[in-house]
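S.K.: give me the fold of what follows.
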Amino acid sequence: MSAVLGSPVLAAGTTGATRIDAGAGDYVLVALYFVVVLGIGLLARRRISSSLDFLLSGRSLPAWVTGLAFVSANLGAIELLGQAANGAQFGEQAFHYYWIGAIPAMVFLALVMMPFYYGSKVRSVPEFLGRRFDAKTQRLQGLLFALASVLLAGVNLYAMAIVVNALLGLPTWLAIVLAGVIVLAYTFLGGLSAAIYNEVLQFFVIVATMVPLTLVGLHRVGGWGGLVQQLTDQGSGSMLQAFPGSDLTGIASGVGSTVGVVLGLGFVTSFGYWTTNFTEVQRAFSARSASAAQRTPLIAAFPKVLIALVIIIPGMIAAVLVPGIAALKTGGSSGGATYNDAVPLLLDELLPNGFLGVALAGLLAAFMAGMAANVSSFNTVVTYDLWQDWVRPGRDDQHYLRVGRAVTVIGTALAIGTAFIAAGFTNIMDYIQTLFSFFNVPLFAVFVLGLFWKRMTGSAGFWGLVSGTLGAVVVFVLNQTGALALSGQGSSFLGGGVATVVAVLVGWLVSKAGRPKPESELRGLVWSLTPAAERAVPREPGVLRSPAVLSVSVLALAAAGYVVFAVI
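M.R.: Below you'll find the model as predicted:
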């Protein structure tokens, strides 16, 4: 969820704030990267003979591939630019998005929800809702998810256009269209397999960019001790304290801010994102076995813990090393730079030509990973949940394969359009967190209530989704009109909390007035009605393949991160 919640200013005007000084060698490296990306799409095309191959990779991929794709799908534009901006603005408080706001939810997804997802053989989260509740709940969630997907793909596309603009000086509209066409090319050719294998490649390219950037930056500021000293001298000492995180939450009370971080971010919003967002869950659906599917989010959780270091720390370095960002911290003139420019400006500040091309490819990789994840999940939901199950049922599989490819084109075109919507917002991170309070939090509330309460009815699922979404929308409108005086982050926490309470309350009330499905139809869909033997996932030999060992290890690693930074 780390990419969901920040509040740095990601302004439309940033497209002209920087121009990266790249040389001919850098452009050659970027062009070579695009050739490799398109080549993967062409190779993946050879394996596609059915809609399942195109939309879910034929459920044939190993756990390490789906695990890296899982984390890479989240490591998109909002993550790289937005969380580095969070690091520049909030410092260590931004670690919460990873260690509290992602890892516990990823473990819960693996241990509790993935056995139901994969065991039911559904092809999407809306299809699971259709089986647990009814067709109208499935269709409603399919429509909501499709809308959310193209809006989020547009944000990734717009952020990618910022870098293309900085690299080539192209107009923003042209950069948006070109970036969209490149992602469309390999997703259209190779479907989900091409998207996933490119996400694995993109993960390593991003790491190859951010690790050297972090190490060179620390060397320039005199190591961690030098960074601490310069931030302290700058008057930014609160950036060196993870708790209570008042700068991040906008809540003045230390106790209230801590509760907001732990419950608002760590439970309501993060569980809503990580456990029900089909863009992420789809990667696990493509695994070749139930065991591989269950390990997918756990494998992803380890790099998720560590990637925080090479995204947040560079932002902190930029706060003292990049003049424009440092000026923002001290109230001086930034020369048009915003916190969102932390990574591009730091690249230009620290890296020589030649390696700059690798870094630029890393930025572009992040943006394409995020957009491709949204588009590939969009085409699956639209093809299966809306077209096959609702609009045109009963056709042959080749028909749905053709529809899947057509929907990929449509989804990309819609993303290009929504990129211009994103360009009109002065704070895109507030825009993103608002979307997730609308679409993911109510879904999680309804999903969990239905998973653990057998009496919840089909109509309760539908009206719980509707009312929860409306509850979050009402909070947003009240905050926008001034009826509530909340920061962007505070509004997100409150909106998510209201959505959860309203969805659960309405689901309970409607269920009391209705009749639940027969218990025989809920086996495999409700916890208490599914025998432990059926919930159990077959274990593969080896300690490192044990979900329990992986879960305890990654939770301990996240906790250790807080301890280490509290000591140093």
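
S.K.: what comes up buried for stretch 221-241?
M.R.: Judged by neighbour count using 16 or more other C-beta atoms under 10 Å, the buried positions of stretch 221-241 are 221, 227, 228, 230, 231, 236, 238, 239, 240. Any C-beta I mention is one placed from the backbone N, CA and C, and that applies to glycine too.

S.K.: check which helix or strand covers residue 251.
M.R.: If you go by DSSP states H and E, residue 251 is not part of any helix or strand.

S.K.: can I assume it is in contact with residue 260?
M.R.: Yes. Residue 251 is in contact with residue 260 according to C-beta atoms under 8 Å; the separation is 5.3 Å.

S.K.: neighbour count winner among those two?
M.R.: It is residue 260, of residue 251 and residue 260, that has more neighbours when counted by other C-beta atoms under 10 Å, with 27 against 23.

S.K.: ok, and the closest non-adjacent residue to the more buried one?
M.R.: Among residues not flanking residue 260 along the chain, residue 249 sits closest, at 4.5 Å (C-beta to C-beta, 6 or more residues apart in numbering).

S.K.: I'd like the next helix or strand past the lengthiest helix in the chain.
M.R.: Counting residues, the longest helix in the chain under DSSP state H turns out to be helix 172-221. Downstream of helix 172-221, the first helix or strand assigned by DSSP H and E is helix 223-233.

S.K.: quick one, that next one and helix 172-221 angle?
M.R.: Taking axes from the mean of the first three to the mean of the last three C-alpha atoms, to 10 degrees, one finds helix 223-233 and helix 172-221 inclined to each other by 110 degrees.

S.K.: which SS state does residue 484 fall under?
M.R.: On the three-state scheme (DSSP: H, G, I helix; E, B strand; the rest coil), residue 484 is labelled coil.

S.K.: quick check: the residue nearest in space to the middle of the chain vs residue 64, distance?
M.R.: Nearest to the mean C-alpha position of the chain, by C-alpha atoms, centre = their mean, lies residue 74 at 3.7 Å. The spacing between residue 74 and residue 64, counted by C-beta to C-beta, to the nearest Å, is 17 Å.

S.K.: what of residue 83?
M.R.: Looking at residue 83 against residue 64, where the rule is C-beta to C-beta, the gap reads 24 Å.

S.K.: check residue 291 too.
M.R.: Distance, residue 291 to residue 64, by C-beta to C-beta: 13 Å.

S.K.: so for those two, which residue has more residues nearby?
M.R.: Neighbours of residue 291 and residue 64, each counted by other C-beta under 10 Å, are more numerous for residue 291; the result is 17 against 13.

S.K.: test my guess that the more buried one contacts residue 537.
M.R.: Yes. Assessed by C-beta under 8 Å, residue 291 is found in contact with residue 537 at 5.5 Å.

S.K.: what helix or strand is residue 474 located in?
M.R.: Element membership of residue 474, judged by DSSP H and E, is helix 458-480.

S.K.: where exactly do the strands run in the stretch 51-200 of the chain?
M.R.: The residue ranges that make up strands in the stretch 51-200 of the chain, judged by DSSP state E, counting those that start in this stretch, are empty, as it has none.

S.K.: and if you look at the stretch 351-500 of the chain?
M.R.: Using DSSP E, counting those that start in this stretch, strands in the stretch 351-500 of the chain do not occur.

S.K.: quick one: low-confidence parts of it?
M.R.: Within the stretch 351-500 of the chain, the ranges that satisfy pLDDT under 70 run 352-360, 362-363, 365-370, 422-430, 486-490.

S.K.: coming back round to it: measure the residue nearest to the centre of the chain to residue 61 for me?
M.R.: Residue 74 is 17 Å from residue 61, where distance means C-beta to C-beta.

S.K.: quick check: buried residues in stretch 538-553?
M.R.: Buried residues in stretch 538-553, counting neighbours by 16+ other C-beta under 10 Å, are found at 545, 546, 547, 550, 551, 553.

S.K.: which of those residues has the weakest pLDDT?
M.R.: Going through the buried residues of stretch 538-553 one by one, the lowest pLDDT turns up at residue 545, 84.

S.K.: list the contacts for residue 375?
M.R.: Contact partners of residue 375, counting by C-beta atoms under 8 Å, 6 or more residues apart in numbering, are 149, 153, 183, 184, 187, 195, 408, 411, 412, 415.

S.K.: quick check: closest non-adjacent residue to it.
M.R.: Nearest residue to residue 375 in three dimensions, chain neighbours excluded: residue 411, at 4.7 Å (C-beta to C-beta, 6+ apart).

S.K.: neighbours around the one you found, how many?
M.R.: One way to gauge burial is a neighbour count; for residue 411, by other C-beta under 10 Å, it gives 26.

S.K.: which residues does it contact?
M.R.: 149, 150, 153, 374, 375, 378, 379, 382.

S.K.: distance between the helix holding residue 474 and the chain's centre?
M.R.: The offset between the C-alpha centroid of helix 458-480 and the centroid of the whole chain comes to 22 Å, using C-alpha atoms, centre = their mean, to the nearest Å.

S.K.: hey, C-alpha coordinates of that helix in CSV?
M.R.: In CSV, the C-alpha atoms belonging to helix 458-480 read as follows (Å, rounded to 0.1, in the frame of the first residue of the first chain):
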residue,chain,number,x,y,z
GLY,A,458,-26.1,-11.5,-1.4
SER,A,459,-28.0,-8.2,-1.2
ALA,A,460,-26.0,-7.3,1.9
GLY,A,461,-22.8,-7.6,-0.1
PHE,A,462,-24.2,-5.3,-2.8
TRP,A,463,-25.6,-2.6,-0.5
GLY,A,464,-22.6,-2.8,1.8
LEU,A,465,-20.4,-1.9,-1.2
VAL,A,466,-22.7,0.9,-2.3
SER,A,467,-23.1,2.4,1.1
GLY,A,468,-19.4,2.1,2.0
THR,A,469,-18.3,3.8,-1.2
LEU,A,470,-20.9,6.6,-0.7
GLY,A,471,-19.7,7.1,2.9
ALA,A,472,-16.1,7.7,1.8
VAL,A,473,-17.4,10.0,-1.0
VAL,A,474,-19.4,12.0,1.6
VAL,A,475,-16.3,12.5,3.8
PHE,A,476,-14.3,13.7,0.7
VAL,A,477,-17.0,16.1,-0.3
LEU,A,478,-17.4,17.5,3.2
ASN,A,479,-13.6,18.0,3.4
GLN,A,480,-13.5,19.7,0.0
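
S.K.: buried residues in it?
M.R.: Per 16+ other C-beta under 10 Å, helix 458-480 contains these buried residues: 458-473, 475-476, 478-479.

S.K.: you'd agree residue 517 is up against residue 458?
M.R.: Yes. With contact defined as C-beta under 8 Å, residue 517 reaches residue 458; the gap is 7.1 Å.

S.K.: could you check how far residue 538 is from residue 545?
M.R.: Distance check for residue 538 against residue 545: by C-beta to C-beta, it reads 11 Å.

S.K.: who touches both of those two?
M.R.: Common neighbours of residue 538 and residue 545, counting by C-beta under 8 Å, 6+ apart, are residue 291.

S.K.: quick check: closest non-adjacent residue to residue 138.
M.R.: Across the structure, with C-beta to C-beta, 6+ apart as the measure, the residue nearest residue 138 apart from its sequence neighbours is residue 130 (3.0 Å).
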